[in-house]
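Enquirer: Sequence and predicted structure are below.
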Amino acid sequence: MLEFLKKIDRRVIYLCIALSVIIPMLVGVEFPVPTSPMTDQVYEAFNNLEPGSTVIISADYDAGSQAEIQPMTLAILKYCFENNIKVIVLGLWPLGANLVENALYNDKVKISPDRAKALIAEGKKVFVISKDTASCEMTIEERDGKFVYVDEREEGKDGEECLAFSPEDSYYVKGVINAIDREVKPGIDYLNTGYKAGQVVVITQMLEDVVGALETDISGEPIKDMEIVKGLKTINDIDLIFSLSSGTPGAKEWVVYANGKKNVPVACGVTAVSATEFLPYLNSGQLSGMLAGLAGAAEFETATGYDQGKATEGMSPQSFAHLVIILFIVVGNIIFLLEKKKS
Amino acid sequence: MKRTIPLIITFLSALVMIIIYFINPAHVQKFENGVFEWIRIIGAFALFLGLFNLLISHFIKVRRNGMNAVYSIALIVAFFAIVISGIFFDSENPDGTFQFMFNNIYRPLSSTMFSLLAFYVASAAFRAFRAKTKEASFLLVAAFIVMLGRVPIGTMIWGKIPVISNWIMAYPAAAAQSAIMIGAALGAISVSLKIMLGIERTYLGGEE
């Protein structure tokens, strides 16, 4: 037995990890997600903002870390729009702002059946993923007072109208702006200024002249006459900076320059592996809060009452994966101790 | 002379930037903004230079027809596909070619590469994470607590696990991290001073 465990193939370990992620996702295990003090601080930072406040979201990540960071982007944008907080996005990383643009218009945002009904009534497009038809995506429409979707894919049911809102179906919209029950307008409620080359220099320029440093939006249009930037001069006119950060430049640079020089509140969302780097800033109060990895994103979803979020869904696979890794470490140590005893 | 002038420029630029950071008198604001503009322009050109270099090095690999030429061909094809679709097709259209490639090729591939870490970490932890000494045992226990404390199942096992995990993160981990950061910052200051004073000259290129 000892020899078998000692020579266990690495592919067996890989398979166990894969199964620990896949099975909870298929079974749909759900865990309640309690919040941590770090996440509570982020929630407080957002919750203390008055309606009409302006937040800068710095998208300092790319697709490699989107599994952890993108759920934060979705949850934060949703919270800001729901609470009438203006959002200015910039990317210190080339692909960051594009990922936020996808969160705004393209990424799936899961919603509750009640919210789905309200959005359909407002004329917004809502999709359904039916349990019967696996991953088929169908648009819900209101016909003769009934919510229906046309099932075009299930065998033998071509074109048949199905009643929506069975308890097993799940609902989503494309893009955060479609999940909000009011119209969110570009240039007024939010502004995506795209990638800004220059790394830390962009931040230092923004300290004295936000509009001059950002100059254009993601499509190249000048931003100086847009409503969202009216009255915006220096970085001190910004109420909160939130850096979605997976490296350099990122949260650290915002802390050093925007908080260190101008005392503007800075909070961040980072990958779990880099969370330790920011603990000293959090303890010193230079960071107003931190979301650490997917768990941080799930906690923020809990804090904001969004229990349908992507991160919350990801907590059960992550829980089981952690358990499997711990199990392997324990087994590895038992083998080590038995061998030591033998020798 | 060939080296003296760049050294003087480096010294003066660094000195001015340090003074501006701490004092920032109003009349040097314009100068500071000018310098920042230069840096951003140079940064933008550096991007082009980097792309050009990348292409050239992979074209050379393809011409040499080495064992890994196929990867270089994949890179060149992907490069032109993205650039052409980004420039000549509507890159902002969510249903356009550029966004399609970004969302359906680049994003899943990048996530896959990142997620592979979980498999390697599990395998490496099984083989190498051993309680060989008292210190290693402490590390092992701390790792278990933090791993469980960061996921909801930890709370279900024992309600105090997240509390202990948060304490480990807030005190011992933060203290160690502060020490590392202070050490790295002192190192960075010393290298910067060496560059400023002309002791470290490798950035000028060539042999002294």
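Expert: Everything's here; your move.
Enquirer: Can you give me every residue that contacts the nearest residue in space to B:Lys132 that is not next to it in sequence?
Expert: Nearest-residue entry for B:Lys132: A:Phe336, 7.7 Å, with adjacent residues in sequence omitted and distances by CB to CB, 6 or more residues apart in numbering or on different chains. Where C-beta positions appear, they are placed from N, C-alpha and C, glycine not excepted. Counting by CB atoms under 8 Å, 6 or more residues apart in numbering or on different chains, A:Phe336 touches B:130-132.
Enquirer: Report pLDDT for A:Phe336.
Expert: We have a pLDDT of 89 for A:Phe336.
Enquirer: before we move on, what about A:Asp151?
Expert: 61.
Enquirer: likewise A:Glu227?
Expert: 94.
Enquirer: Equivalent analysis for B:Phe129, please.
Expert: 87.
Enquirer: Determine the set of other helices and strands touching the helix or strand that contains A:Ala103.
Expert: Take DSSP states H and E as the rule and A:Ala103 turns out to sit in helix A:96-105. Where contact means 3 or more CB pairs under 8 Å, 6 or more residues apart in numbering or on different chains; DSSP states H and E, helix A:96-105 is packed against strand A:54-60, helix A:66-82, strand A:86-91, strand A:190-195.
Enquirer: Alpha carbons only: can I get the third one in CSV?
Expert: Just to be clear, that refers to strand A:86-91. The C-alpha trace of strand A:86-91 is given here as CSV (Å, rounded to 0.1, in the frame of the first residue of the first chain):
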residue,chain,number,x,y,z
LYS,A,86,-20.8,57.0,-11.5
VAL,A,87,-18.0,54.7,-12.8
ILE,A,88,-14.9,55.8,-14.8
VAL,A,89,-12.9,52.8,-16.1
LEU,A,90,-9.4,52.8,-17.3
GLY,A,91,-6.9,50.0,-18.0
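Enquirer: doesn't A:Asp107 make contact with A:Asn178?
Expert: No. Using CB atoms under 8 Å as the test, A:Asn178 is too far from A:Asp107 to be in contact (10.5 Å).
Enquirer: Let me see the domain layout of chain B.
Expert: B:1-88, B:91-129, B:131-201 (the TED database).
Enquirer: Turn those into TSV, including mean neighbour count.
Expert: Listed next are the domains of chain B as TSV, based on neighbours: other CB atoms under 10 Å in any protein chain shown:
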stretch	mean neighbour count
domain B:1-88	12
domain B:91-129	16
domain B:131-201	15
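Enquirer: Torsion angles phi and psi at A:Thr271?
Expert: Note on A:Thr271: its backbone torsions stand at phi -70, psi 150 [degrees, to the nearest 10].
Enquirer: show me what contacts it?
Expert: A:65, A:68-69, A:246, A:293.
Enquirer: about what we covered before: please report how far the residue nearest to B:Lys132 lies from B:Ala125.
Expert: 13 Å (CB to CB, to the nearest Å).
Enquirer: Please identify the longest helix in chain A, counting by residues.
Expert: Counting by DSSP state H, the longest helix found in chain A is helix A:310-342.
Enquirer: That helix versus helix A:66-82: what angle between them?
Expert: 150 degrees (axes from the mean of the first three to the mean of the last three CA atoms, to 10 degrees).
Enquirer: So which bits of helix A:310-342 are buried?
Expert: Across helix A:310-342, burial judged by 16 or more other CB atoms under 10 Å in any protein chain shown covers A:310-326, A:328-329, A:332-333, A:335.
Enquirer: try stretch A:232-240
Expert: A:232, A:235, A:238-240.
Enquirer: pLDDT of the helix or strand harbouring B:Phe98, averaged?
Expert: Using DSSP H and E, B:Phe98 sits within helix B:97-101. The average pLDDT for helix B:97-101 rounds to 85.
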